[in-house]
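Asker: generate a structure from the sequence data that follows.
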Amino acid sequence: MSAAAKPGRVSPLLLILSAIAFAVLCGLGTWQWQRMIWKEGLLDTIEQRLSAPPVPLTEVLAARASGEPVEYRPVTVSGRLLNSGEQYVLATLNGASGWHVYTPLETPDGMVLFVNRGFVPYDKRDPSTRIDGEIDRFVNIAGLAREPLTEKPSFMVPDNDPATQTYYWKDLSAMTLAAGLDPAKVLPLFVDKTSMLPRGLLPIANVTQVDLPNNHLQYLITWYGLALALLGVVIAYVVKARLAADQP
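Answerer: Just a heads-up that it's a prediction; the model follows:
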């Protein structure tokens with residue numbers, strides 16, 4: 001009850017403010033419900049893409065050019081790995097720190113595609129420590145199409161250091177320049193390799209994580225719960241005020 005309200009009198013200002021707060025809380029709850037539906041649909045779509053048979057890289061590029069989403073779409077690509085152009089993105093695997101090795105792959109038509117060949121432990125970044133996994137021949141690779149990032153995902157992410165081939169987020173333009181490649185020949189896509197090397201060889205492929213948290217139900221319950229709690233408080237306040245007004 002407002003300080004200016006007389007005993008037994010319902011404050012109109014308090015009721016107006018409560019109505020506004022109730023509408024806001026319900027709006028936030030509804031927004032989270034819509035986000036939950038969208039996220040569940042997105043996760044279902046990604047699951048369908050992951051289970052689809054792989055298609056040639058040319059088909060994925062054509063789909064992307066026509067505006068179709070290609071993230072996580074299984075793909076096959078052939079070419080020669082340009083091992084001297086390796087770039088390294090900080091990563092973890094099963095709690096261990098290390099690197100994802102991004103290697104340019106030159107296709108038969110002279111284009112270049114950065115392939116995330118997989119994870120190496122922190123002390124195995126130097127190719128000379130894992131020479132058996134440095135393949136220098138024409139290869140056929142199966143993987144997942146991944147879109148490049150257009151900007152740093154968060155101000156908390158450190159800046160990349162292309163001069164030392166060290167990255168904290170996937171910057172295709174910086175990788176291209178650091179590897180000494182012609183930007184006009186670099187395809188606007190990454191591929192996360194899923195086909196594995198023989199056991200014991202590095203990098204360890206097939207380490208793509210679909211990290212899309214879906215906490216919207218929890219937030220939905222929170223906002224709607226606060227709205228109901230507010231409604232209960234207001235009803236109790238009005239009932240108490242009316243009872244007080246009826247007292248002689």
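Asker: avg pLDDT for the helix or strand containing L61?
Answerer: Element membership for L61 (DSSP states H and E) is helix 57-65. When pLDDT is averaged over helix 57-65, the result is 96.
Asker: so what does that helix touch, helix or strand wise?
Answerer: Applying 3 or more CB pairs under 8 Å, 6 or more residues apart in numbering; DSSP states H and E, one finds that helix 57-65 makes contact with strand 74-81, strand 186-193. In short, each C-beta sits where N, CA and C put it, glycine included.
Asker: of these, which stretch is the most buried?
Answerer: strand 186-193 (a mean of 20; mean count of other CB atoms under 10 Å).
Asker: between it and helix 57-65, how many degrees?
Answerer: 120 degrees (axes from the mean of the first three to the mean of the last three CA atoms, to 10 degrees).
Asker: before we move on, what SS does V101 have?
Answerer: Following DSSP: H, G, I helix; E, B strand; the rest coil, V101 is assigned to strand.
Asker: circling back: next, the buried residues of the helix holding L61.
Answerer: Residues of helix 57-65 classed as buried: 57, 60-61, 64 (neighbour count, 16 or more other CB atoms under 10 Å).
Asker: follow-up on the earlier one: any idea which of the helices and strands packed on helix 57-65 gets closest to V112?
Answerer: Closest to V112 of the helices and strands packed on helix 57-65 is strand 186-193 (CB to CB; 4.9 Å).
Asker: circling back: for V207, find the nearest of the helices and strands packed on helix 57-65.
Answerer: Comparing the helices and strands packed on helix 57-65 against V207 with CB to CB, the closest turns out to be strand 186-193 (7.6 Å).
Asker: immediately after the closest one, which helix or strand?
Answerer: According to DSSP H and E, the helix or strand after strand 186-193 is helix 216-246.
Asker: and that next one, what other elements does it pack with?
Answerer: Using 3+ CB pairs under 8 Å, 6+ apart, helix 216-246 sits against helix 12-50.
Asker: quick one, domains of this protein?
Answerer: Domain ranges of the chain: 13-42+214-243, 73-193, per automatic domain parsing.
Asker: single out the most deeply packed of those.
Answerer: Most buried among the domains of the chain, counting by mean count of other CB under 10 Å: domain 73-193, with a mean of 17.
Asker: can you check the distance spanned by that one, start to finish?
Answerer: By CA to CA, to the nearest Å, the extent of domain 73-193 from end to end equals 12 Å.
Asker: then stretch 196-207?
Answerer: Using CA to CA, one end of stretch 196-207 lies 10 Å from the other.
Asker: returning to what we had before: looking at the domains of the chain, which has the lowest confidence?
Answerer: Among the domains of the chain, domain 13-42+214-243 scores lowest, with a mean of 91.
Asker: circling back to that earlier point, contact partners of the helix holding L61?
Answerer: Under the contact criterion CB atoms under 8 Å, 6 or more residues apart in numbering, helix 57-65 has outside partners 70, 73, 75-77, 107, 113, 145, 187-189, 191.
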